[in-house]
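Student: Need a 3D model of the following:
(2 chains)
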Number of protein chains: 2
Amino acid sequence: MTHRTSSSPALRIIPLGGLGEFGKNMMVYEYGDIMFAIDAGLMFPEEDMPGIDIVIPDINYLLANAAKMKGFILTHGHEDHIGALPHVLSQINVPIYGTRLTLGLVENKLREHHLWEKTARHIIDENSHLHFGPLHLEFIHLCHSIPDAVGVAVHTPVGTIVHTTDFKFDPNPVDGRLTDEAKLKALGDAGVRILLADSTNAERVGFTPSEQELEVVLDDLIRKAPGRVILATFASNISRVQQVIQVSERYGRSVGVTGRSMINNTRMASELGYLTPPANGLLTPDQMNYLPPEKVTVICTGSQGEPTSALVRMSRGQYRHIQLGKGDTVIISATPIPGNEKMIQRTLNNLFRLGADIFYDELFDVHVSGHGNRGDLKHMLELTRPDTFIPIHGEYRQLVLHARLGQETGLDADHTLVIEDGQAVEVGEDFIFLAEKVPSGRVFVDGSGVGDIGNIVLRDRRLLARDGFIVVTIGLDRESGDVVLGPEILSRGFVYMAESGELIEEAKDIIWDVLETHETAKDVAKHVHSALATFCYQTTRRRPMILPLVVEI
Amino acid sequence: MTHRTSSSPALRIIPLGGLGEFGKNMMVYEYGDIMFAIDAGLMFPEEDMPGIDIVIPDINYLLANAAKMKGFILTHGHEDHIGALPHVLSQINVPIYGTRLTLGLVENKLREHHLWEKTARHIIDENSHLHFGPLHLEFIHLCHSIPDAVGVAVHTPVGTIVHTTDFKFDPNPVDGRLTDEAKLKALGDAGVRILLADSTNAERVGFTPSEQELEVVLDDLIRKAPGRVILATFASNISRVQQVIQVSERYGRSVGVTGRSMINNTRMASELGYLTPPANGLLTPDQMNYLPPEKVTVICTGSQGEPTSALVRMSRGQYRHIQLGKGDTVIISATPIPGNEKMIQRTLNNLFRLGADIFYDELFDVHVSGHGNRGDLKHMLELTRPDTFIPIHGEYRQLVLHARLGQETGLDADHTLVIEDGQAVEVGEDFIFLAEKVPSGRVFVDGSGVGDIGNIVLRDRRLLARDGFIVVTIGLDRESGDVVLGPEILSRGFVYMAESGELIEEAKDIIWDVLETHETAKDVAKHVHSALATFCYQTTRRRPMILPLVVEI
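Tutor: Now for the predicted structure:
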């Protein structure tokens, strides 16, 4: 890195999501009065964010520069790349660009939010060219666990930036469409100033296995299955759905799909030509139930143990159309997303209770990742031979490991930049430096509220979850100061009230002691709070939230 | 299984913990007026048990049969086998039996609860024999991730029961003491009626690797480390600590330990002769800090990302004696316990931010399990050749997989019993059958409360965590019915109150509407509840807990 030496416009690359923590991918490119962003993804809430539905990037930087903003390029249809769009487009309504399948997946989402008609949409493919002022964008077909994913090459006056989305080099993808190594190599030959590449699997050695290898496993399991086959995978994994249909047909099985998102996605992908449905069409729920079991395969949601998903309801015997039991084969073709392990294991335990045969990743290779392992990552670096490398899409440790891998390919440490969300990078003809940080971070979506829940409310929720609350209501006569109401104690989550009469009476005694020695409402509230806090901790070793409401009447 | 045909006393085997979910192991053996239990473990709370400190077995069955109860046999010193003892012994104070190291670990725990002096303790070893009436117990040395673990052979009038604790067949254990295959085989030769064996790793193929293989890895990492080595593992993993001391000394490093439980356990294990401390003693905190980094190894707690552990504090730069940075090597020698993945990953990200070199299980084989894989499990079945097999220590899926493995060794399905906690098994000379269930389940310990928190309080805590609460206080004049107090709204965890003035005013308007059309306190409370619930959901799509407090003054 050298310091800025020229006054010609510099390109600014600004991550608003996806760097340093998993998900909510969004990368901003800014050149003079031109700005666009690649992806607008969401992140699922972590366990210390109770009640939060989804997490999206802070887009204050986009809003402050709205006049420059030309649109969003969407690289593929996964939630961590498109899931924030409804919330983002409702604040900054700019055009969106994506492949047909990607926009197909976006459509449902935007329609739900009444944004589809309002939004300008442009279908691109790997042969498209976009021009935003002096910036010229072309696209590169990449293999991933969803069809129709594209990387982006941004040709700028300060050089070419290659921005891979999530990718792998699969020699045998289900749809037969390989990652376009020739284009990547040609870009490399012509000179890549900066490569930004997916770091998700930077901890995994070797190459990601081909989907072909998975087909061998699925073929074996489905061929041998004595009864129904139930296969759970991600609803967006159109290729996996295609494989299961092919293998099932090979062994005379009809296929049904179930789970809302699975039904929607397979319908849409079929309509757009990304999925070849079974020759006889998909099974109806009744057919799944009544056809001879050895003639039925059901593809469903629930591979992450999501509480309302089809598989989880089946595992609890609460799914109307399918009662699982002995003779059925359940295949979970997905790996746990970190944080979901316990939910998945509970689902597995319940499935085993039903007596079915279960195949899942602890036992059997029934899934391959959509992300390239270290071998794939190194190959990408070797094809593009960038001057500078910025790992993206990963938690911090994965970015560091990917950067070190870049160094193994010959880059020196100065040309591998590990940055996090908000860290702007300025690129001129003869310099690259880390500029000032821009506003960035997590915005919580809870119900219809976007951004109204912050750390204070979350802290309160965590406190309430741990030890509950006590509200003490006391009314004092405005003139005499006599107690005319209460003390009334209302509490939840602290002790089981129906069996804690004695404890509550003791607490009231303590409050009466306070009332004898203090007079003003403010004073009473303060001392009730501290006396009760001490009492609760001494009697229960718990620290409920204590809220005195002392009013003059 | 045949039905009971004889009136001679039957042996009852009753799992109160450890079957169907991980942890809180406790198995009761009952024969006529004799009863004893093997282990008294705890389970750590899951994410849907907010505020709960630990979970222990329901021991109502023991309490109901207290006069028969002869004591607890403790197989080894892990929390899931001894952690419930303080809460159990305070209710039923019977003798405890364990090896020296196990009782050493129990001692700290019981002293904290002022139970050590009150409790009769008996040290056993693998040559001990115990007689409880007609029952004769002998012990079998087993390898595990803690020294001095024993399995139990219970010789009864209806045959010999072999109860393995957690075990593996390690050909090269650190303390040189092999699992006693000869004794197991001799028991098998003499005839084993029932085998109860550890199912934890029933999902993992092959044999669990030897600790010896790990030593090669640790040797390589520690030899090459340019600066300090920080190694985190379970505080009870005395053998791992011993290995690290040996390897460190080999390369001229002095060793310190840190983290309260690590310090306590290494001290106790050294005093009892289970750990050979470094020739020059352990480093003081000052020495860890000031000695040349390449001369220092620090063994610490925190391998599970526990928030207050030494490693986590180091990763946040909040550990006084050790500031980690470039040149330091951190080794996490443990696998994540399900549910801890996110906490561990956060710790890893922070460690990478400090610039240290990190080795952990995703990247490197820096841990071996203390539990036998399927190869080990099969070997145990082959040595003991039981008439009937009951898998223990595992979640339901692991019990089933272990039972199926038993069938692969030639047992038929009728002779492999998959049972869960509370399911009593009655064994007579010529029958085994599943008897009535006994009371069993989870007892929550929260602060000083044992068992007072049940599903209702937990449900409230989960609701509070999701969307918070609203308390509405209204005072009505006892005679006129006029509103003399409020409506006052108190809320936490629902919206950020400081910025929600408008919403609160709207809510008050809605409450006033109710007050205009309803009169009695009960009626007002009911309608305020439903009107506010609707209002909150319509405006925010959230469902806070709504608690109206309507009083007559």
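
Student: The longest helix seen in chain A near chain B at all?
Tutor: Criterion DSSP state H: the longest helix present in chain A is helix A:521-540. Yes. Using Cβ under 8 Å from any Cβ of the partner chain, helix A:521-540 reaches chain B at A:T539, A:T540. C-beta: built from backbone N, CA, C; applies to glycine.

Student: now could you export just the CA positions of that helix as CSV?
Tutor: Extracted in CSV, the C-alpha atoms of helix A:521-540 (Å, rounded to 0.1, in the frame of the first residue of the first chain):
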residue,chain,number,x,y,z
ALA,A,521,-42.5,9.0,45.5
LYS,A,522,-39.0,9.3,44.1
ASP,A,523,-37.3,8.3,47.3
VAL,A,524,-39.7,5.4,47.9
ALA,A,525,-39.1,4.1,44.3
LYS,A,526,-35.3,4.3,44.7
HIS,A,527,-35.2,2.4,48.1
VAL,A,528,-37.8,-0.1,47.1
HIS,A,529,-35.6,-1.0,44.1
SER,A,530,-32.5,-1.5,46.1
ALA,A,531,-34.1,-3.3,49.0
LEU,A,532,-35.9,-5.7,46.7
ALA,A,533,-32.8,-6.3,44.6
THR,A,534,-30.9,-7.3,47.7
PHE,A,535,-33.8,-9.4,49.0
CYS,A,536,-34.2,-11.3,45.7
TYR,A,537,-30.5,-12.1,45.4
GLN,A,538,-30.2,-13.2,49.0
THR,A,539,-33.3,-15.5,48.9
THR,A,540,-32.9,-16.8,45.3
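
Student: Tell me the residues of the stretch 151-300 of chain A that contact chain B?
Tutor: Proximity of the stretch 151-300 of chain A to chain B, by Cβ under 8 Å from any Cβ, involves residues A:E203, A:R204.

Student: could you give me the average pLDDT of stretch A:436-450?
Tutor: Regarding stretch A:436-450, the rounded mean pLDDT is 92.

Student: so who does A:G449 touch?
Tutor: Shown in contact with A:G449 (Cβ atoms under 8 Å, 6 or more residues apart in numbering or on different chains): B:V495, B:T540, B:R541, B:R542.

Student: Specify the local secondary structure of A:G151.
Tutor: Secondary structure state of A:G151, per DSSP: H, G, I helix; E, B strand; the rest coil, is strand.

Student: biggest separation within the contacts of A:G449, which pair?
Tutor: Farthest pair in the contacts of A:G449 (Cβ to Cβ) is B:V495 and B:R541. Separation: 11.8 Å.

Student: Which one's more surrounded, the two?
Tutor: Counted by other Cβ atoms under 10 Å in any protein chain shown, B:V495 and B:R541 do not tie: B:V495 has more neighbours, with 25 against 14.

Student: Check the contacts of A:G449 against A:H371 and report the nearest one.
Tutor: The closest of the contacts of A:G449 to A:H371 turns out to be B:R541 (Cβ to Cβ; 33.4 Å).

Student: quick one on the thing from earlier: which ones among the contacts of A:G449 also lie next to chain A?
Tutor: For chain A, the contacts drawn from the contacts of A:G449 by Cβ under 8 Å from any Cβ are B:V495, B:T540, B:R541, B:R542.

Student: Just give the closest residue to the third one, not the sequence neighbours.
Tutor: Think B:R541. Excluding the flanking residues, the one nearest B:R541 by Cβ to Cβ, 6 or more residues apart in numbering or on different chains is A:G447, at 2.9 Å.

Student: Please tell me I have it right and the one you found contacts A:I52.
Tutor: No. The criterion here is Cβ atoms under 8 Å, and A:G447 misses it with A:I52 at 9.7 Å.

Student: The two: who's more crowded?
Tutor: Between A:G447 and A:I52, A:I52 has the larger neighbour count (other Cβ under 10 Å), namely 22 against 19.

Student: how near is that one to chain B?
Tutor: 9 Å (Cβ to the nearest Cβ, to the nearest Å).

Student: Compute the number of surrounding residues for the nearest residue to that residue once chain neighbours are set aside.
Tutor: In this structure, A:I52 finds its nearest non-sequential neighbour in A:P45, 4.0 Å apart by Cβ to Cβ, 6+ apart. Neighbourhood size, A:P45 [other Cβ under 10 Å]: 19.
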